[in-house]
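Asker: make a model of this:
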Amino acid sequence: MKNILNPISVVICTLITLVSCQPQIDDKISLPPAPSAAEFTIEQLPEENSYRFVSTTEDGFLYGWDLGNGMTVSGPEATVTYPDAGVYIVELTVFNSGGHVTSTQSVIVDNDLVIEEGPCDEGTLKEWLSDCDQKTWRLNPAEGALLVGPVGLTETWWQNDENVVTERDCAFNDEWIFFEDGTLIYDTKGDIWGEDYMGIDFMCVDETVLGPGVSAWGSGEHNYTAIGNELALMGLGAYIGLPKATNGGEVTMPVNSITYTVTSQTTDADGNDLMVIQVNYGAGIWQFTLVAN
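Answerer: Numbering: from 1, shown residues only. Here you go, the predicted structure:
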């Protein structure tokens, strides 16, 4: 018996075959143009040598600031205090899905920041730091001495455990020696904990491997002021805890000053003084616990 195909069935089968073989053409996606200009305002704040920069650029979704003092921060606005007189070139880069654009403005700071503090009286922060003579502090070799979390520390993003204390023994042996006259000596004991932003692998290395751009993070003499519960370190590369953690941002190069807030001063059962300090780096809080014994 012969197989006879219905003509209509042949046409339908042919159309199905043609449709199934037809390549699919995607609609073209049109990206918006890059921002036409990166614009921002500069506001001088009531606090001496302090400024706020606010982006007024339209259609941006990512903002990067170079504050002209070694600090870089992200977000639609940034706040900074310049301790030294000078001309600072502030650069804003704005990104959208079509590209990015950059612009700069100058900030002229006429005078060095003058900070007045009282004598080393009993109960003052200076007395706690220096014993009105000299006093040596180290990172407390215990869990949580290094801690980071959101502003307000409503949770902990990361903190060291006892294994980190062992792994980073080169950081936990560092000494910060505070003197009554406002001098601060930082002594690495010859070794440092390296990280990638320093151009070093995550490991303990000899202090001498610090390159020219970051060598100020090594041992050195700096200055400090202690007013209320604010501890300000002055001098290129002066820091406590982690060198990258600064006011308003995490940096890859040394800066001229960092101000920490002292949130706790206690003495443990063994007679060791403990001090907790924090620095707001914009995206969160770095907290460091120090011990003097």
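Asker: what residues are up against the residue nearest the centre of the chain?
Answerer: In the chain, the C-alpha nearest the mean C-alpha coordinate belongs to residue 250, at 1.7 Å (Cα atoms, centre = their mean). Contact analysis of residue 250 by Cβ atoms under 8 Å, 6 or more residues apart in numbering lists 197, 244, 281, 283. From N, CA and C alone the C-beta is placed, and that goes for glycine too.
Asker: for the stretch 1-150 of the chain, what spans make up the helices?
Answerer: In the stretch 1-150 of the chain, the helices defined using DSSP state H, counting those that start in this stretch lie at 7-21, 125-130.
Asker: one step back: what pairs with the residue nearest to the centre of the chain across the strands?
Answerer: residue 245 (DSSP bridges).
Asker: ditto for residue 107
Answerer: Residue 107 has these beta-bridge partners by DSSP bridges: residue 88.
Asker: going forward, the N-terminal residue is numbered 57.
Answerer: Noted, 57 is the first residue going forward, which turns the last one into residue 163.
Asker: and for residue 314, the neighbour number?
Answerer: 24 (other Cβ atoms under 10 Å).
Asker: can you give me the pLDDT of residue 279?
Answerer: Note on residue 279: pLDDT of 97.
Asker: ok so, going back, would you single out the least confident of the helices of the stretch 57-206 of the chain?
Answerer: Among the helices of the stretch 57-206 of the chain, helix 63-77 scores lowest, with a mean of 45.
Asker: quick check, residue 324 in contact with residue 331.
Answerer: No: using Cβ atoms under 8 Å, residue 324 makes no contact with residue 331, being 11.6 Å away.
Asker: and those two? Which one has more around it.
Answerer: Remark: of residue 324 and residue 331, residue 331 carries more neighbours, 22 against 11, as counted by other Cβ under 10 Å.
Asker: can you list the domain ranges for this protein.
Answerer: Using automatic domain parsing, the domain ranges for the chain come out as 96-165, 181-348.
Asker: nearest to residue 89, out of those domains?
Answerer: With Cβ to Cβ as the criterion, residue 89 lies closest to domain 96-165 of those, at 4.9 Å.
Asker: could you give the mean pLDDT of that closest one?
Answerer: Mean predicted lDDT for domain 96-165 stands at 88.
Asker: can you give me the end-to-end distance of that domain?
Answerer: Domain 96-165 has its terminal residues 18 Å apart, counting by Cα to Cα, to the nearest Å.
Asker: and that domain, how far out from the chain middle?
Answerer: Taking Cα atoms, centre = their mean, to the nearest Å, one finds the center of domain 96-165 at 15 Å from the center of the full chain.
Asker: can you check stretch 291-302 too?
Answerer: 10 Å.
Asker: repeat for stretch 256-266
Answerer: So, by Cα atoms, centre = their mean, the centroid of stretch 256-266 is 20 Å from its chain's centroid.
Asker: which neighbours do residue 324 and residue 331 share?
Answerer: Joint contacts of residue 324 and residue 331 (Cβ under 8 Å, 6+ apart) do not exist.
Asker: please enumerate the strands of the stretch 107-256 of the chain.
Answerer: Here the stretch 107-256 of the chain has its strands, by DSSP state E, counting those that start in this stretch, at 118-122, 128-130, 133-137, 142-152, 155-165, 190-195, 202-205, 214-215, 231-235, 239-243, 247-250.
Asker: out of these, which is closest to residue 319?
Answerer: Of the strands of the stretch 107-256 of the chain, nearest to residue 319 by Cβ to Cβ is strand 202-205, at 11.6 Å.
Asker: most tightly surrounded among the strands of the stretch 107-256 of the chain?
Answerer: Most buried of these, by mean neighbour count (mean count of other Cβ atoms under 10 Å): strand 247-250, with a mean of 21.
Asker: cool, thanks, talk later.
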